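Participant: next come a sequence and a model predicted from it.
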Amino acid sequence: MLYDTGDKSKIGSILLQKDTRLTEKLQRIVGIIAELLNVKRCSIMIVNPDDLTIEVKAATNPEIIGFKRKLSDVSIATRTLIDEKPFYADTKRRTFFKPLESSRYYSEDSLSIPIKYFDKKLGVINLTDSEEGKPFTVEQEVIAADIAQHLAPYIYAEQMKDALEKKAKKLEEANKRLLELDELKTNLTSFIVHDLKGPITTVMANLDMLSYESLTPEQFEYVNLAMEDIHKMQNMVMNILDVLKIEEGKITIYREETDIYALAKREISSLKNILSRRNIELTLKGDSHICYIDENLIGRVITNLLRNAIEYSPDGGKITLNIQYNENKKETLVSVVDQGKGVPDDIKLKIFDKFFQAKGETLQRKTSTGLGLTFCKLVIDAHGGRIWVEDVEGGGAKFIFTLPDIVIKEIG
């Protein structure tokens, strides 16, 4: 019985065929093994880690291909896997294994060789029915073990490929489902928000008319509070709609020459009622400077940052809105400083994420869509600028954004 480099090369060339499935390769190899070792029956069983079975993938008897054993069963194949060494079964040993009692063998002996790759138990090669009816020899065992060692890396690679493909498919299905859910959420949000615009406008108009009536100071205070909250609600609705539009690429940046200082001053005036009620002092610092920006969107960015500062500031606190121009970097820098609790380092980046809300009483707002700062980031990104938050010495937060003179990025 000869097993030389020619036989190894033949098996190797089969394993290296790119367009052939592993089961087809193994089917050709069992024929080579049977001929080489002078046995009538040979099969290769492979472990299936998904259902914890060992299955016949190739055999000289095609009828048994697909036959499975549970790894928990008592069988020659599982015993070989457990021991991780060749298992020789003579007449006495074979009667112990029930699965073999009803099988029809021409000989009294069988030999199973484990297939393993390092510590991975991959399967077994089964040999039965020696052509000459003699017991298996050490030479046959050595040759079969060498072939098993040759097969191991290819079988392991195939199992890893299958596992990765299954995981990729699961991830693809999960991602598809997430996209469907995200689209459903977006559509539902859009429908709800659009339906809210009408009632909000009506309430604002009625409150405005009510403010011209003869009211007691207490009644006037109630109307002002209602106006503040309805404006806040309107701002939330606009943020939601515009975030959705920006993400879908359905909003265009309409740039025009704008005095950023005058714009900031105008946005501050729209907040005078809430500033007065909270006794918060808001100071605007800087000089007039012309920027080429979308006046409406940048105005809302400023308002969002100011509302954010007011939300976190204590009554009687101070807020500073500062506008500077950096001649070297050719950009305008706008900052809003408050005297609130500040922003922890671990959420300084997350705070601009969609629907993000900080946990804990020190930061979480009672009423928020979680989109105000997201809107700010999307708009500033669209203008080619940057936005971030820093700590303030002595407490508080400083939100900063830049507006470069050169147009870097534009939505539309």
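Facilitator: Nice, I can see it. Here the structure is a predicted model, which is why all the values come from computation and not from measurement. Residues are numbered from 1 along each chain as shown.

Participant: do you have the helices of the stretch 201-350 of the chain handy? List them.
Facilitator: 217-247, 260-269, 272-277, 295-312 (DSSP state H, counting those that start in this stretch).

Participant: out of those, deepest packed?
Facilitator: helix 295-312 (a mean of 21; mean count of other Cβ atoms under 10 Å). Any C-beta I mention is one placed from the backbone N, CA and C, and that applies to glycine too.

Participant: run the chain-centre distance for it.
Facilitator: In terms of Cα atoms, centre = their mean, to the nearest Å, the centre of helix 295-312 is set 31 Å apart from its chain centre.

Participant: before we move on, the earlier item: and the helices of the stretch 201-350 of the chain, which one's lowest on average pLDDT?
Facilitator: Averaging pLDDT over each of the helices of the stretch 201-350 of the chain singles out helix 217-247 as the lowest, with a mean of 82.

Participant: so which elements touch that one?
Facilitator: helix 138-210, helix 272-277, helix 295-312, helix 372-382 (3 or more Cβ pairs under 8 Å, 6 or more residues apart in numbering; DSSP states H and E).

Participant: between these, which gets nearest to Y254?
Facilitator: Among the helices and strands packed on helix 217-247, the nearest to Y254 by Cβ to Cβ is helix 295-312 (7.6 Å).

Participant: and of the helices of the stretch 201-350 of the chain, who's closest to T201?
Facilitator: Here helix 217-247 is closest among those (Cβ to Cβ), at 8.2 Å.

Participant: now the angle between helix 138-210 and the closest one, please.
Facilitator: 140 degrees (axes from the mean of the first three to the mean of the last three Cα atoms, to 10 degrees).

Participant: which SSE is immediately downstream of the lowest-mean-pLDDT helix or strand in the chain?
Facilitator: The helix or strand of the chain with the poorest confidence is helix 98-101; it has a mean of 48 (mean pLDDT, DSSP states H and E). From helix 98-101 onward toward the C-terminus, using DSSP states H and E, the following helix or strand is strand 110-117.

Participant: who touches that following strand?
Facilitator: With Cβ atoms under 8 Å, 6 or more residues apart in numbering as the test, strand 110-117 has contacts from 44, 46, 76-77, 79-81, 83-89, 94, 100, 121-128, 136, 140-141, 144-145, 147-148, 151-153, 155-156.

Participant: give me the sheet partners of that strand and which way each runs.
Facilitator: strand 87-89 (antiparallel), strand 120-130 (antiparallel) (DSSP bridges).

Participant: state the mean pLDDT of it.
Facilitator: 94.

Participant: who's in contact with stretch 188-196?
Facilitator: With Cβ under 8 Å, 6+ apart as the criterion, stretch 188-196 contacts 233, 237, 240-241, 244.

Participant: one more pass at 6 Å, please.
Facilitator: Identification of contacts with stretch 188-196 by Cβ atoms under 6 Å, 6 or more residues apart in numbering yields 237, 240-241, 244.

Participant: tell me the contacts of Y156?
Facilitator: 117, 120.

Participant: can you pull out the low-pLDDT segments for this protein?
Facilitator: Where the chain drops to pLDDT under 70, the residues are 1-2, 91-108, 355, 357-370, 406-412.

Participant: on that earlier part again, out of the contacts of stretch 188-196, who's nearest V30?
Facilitator: Using Cβ to Cβ, the contacts of stretch 188-196 come closest to V30 at L244, 60.4 Å.

Participant: the closest one and I298: what is the separation?
Facilitator: For L244, the distance to I298 equals 19 Å [Cβ to Cβ, to the nearest Å].

Participant: now swap in E248 and tell me
Facilitator: Using Cβ to Cβ, E248 is found at 21 Å from I298.

Participant: L36 too?
Facilitator: Distance of L36 to I298, given as Cβ to Cβ: 80 Å.

Participant: not counting its neighbours along the chain, what's nearest V56?
Facilitator: Among residues not flanking V56 along the chain, F67 sits closest, at 4.6 Å (Cβ to Cβ, 6 or more residues apart in numbering).

Participant: before we move on, the earlier item: of all the helices and strands packed on helix 217-247, which lies closest to E228?
Facilitator: Taking Cβ to Cβ as the criterion, helix 272-277 is the member of the helices and strands packed on helix 217-247 that comes nearest to E228, at 5.0 Å.

Participant: sorry, back to before: any chance of the helices of the stretch 201-350 of the chain in JSON lines, plus distance to N175?
Facilitator: What follows is the helices of the stretch 201-350 of the chain, written out as JSON lines (distance: least, Cβ to Cβ, whole Å):
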{"stretch": "helix 217-247", "distance to N175": "17"}
{"stretch": "helix 260-269", "distance to N175": "40"}
{"stretch": "helix 272-277", "distance to N175": "43"}
{"stretch": "helix 295-312", "distance to N175": "31"}
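
Participant: related to what we said a few turns ago, distance to I54 for the helices and strands packed on helix 217-247 - can I get that in CSV?
Facilitator: As requested, these are exported to CSV (distance: least, Cβ to Cβ, whole Å):
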stretch, distance to I54
helix 138-210, 12
helix 272-277, 72
helix 295-312, 62
helix 372-382, 53
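
Participant: pull the number of nearby residues for K116.
Facilitator: Neighbourhood size, K116 [other Cβ atoms under 10 Å]: 19.

Participant: thought L127 was touching R41?
Facilitator: No: using Cβ atoms under 6 Å, L127 is not in contact with R41, being 7.4 Å away.

Participant: between the two, point out the one with more neighbours.
Facilitator: L127 (27 against 20).

Participant: buried sites along stretch 280-293?
Facilitator: Across stretch 280-293, burial judged by 16 or more other Cβ atoms under 10 Å covers 280, 282, 286, 291, 293.
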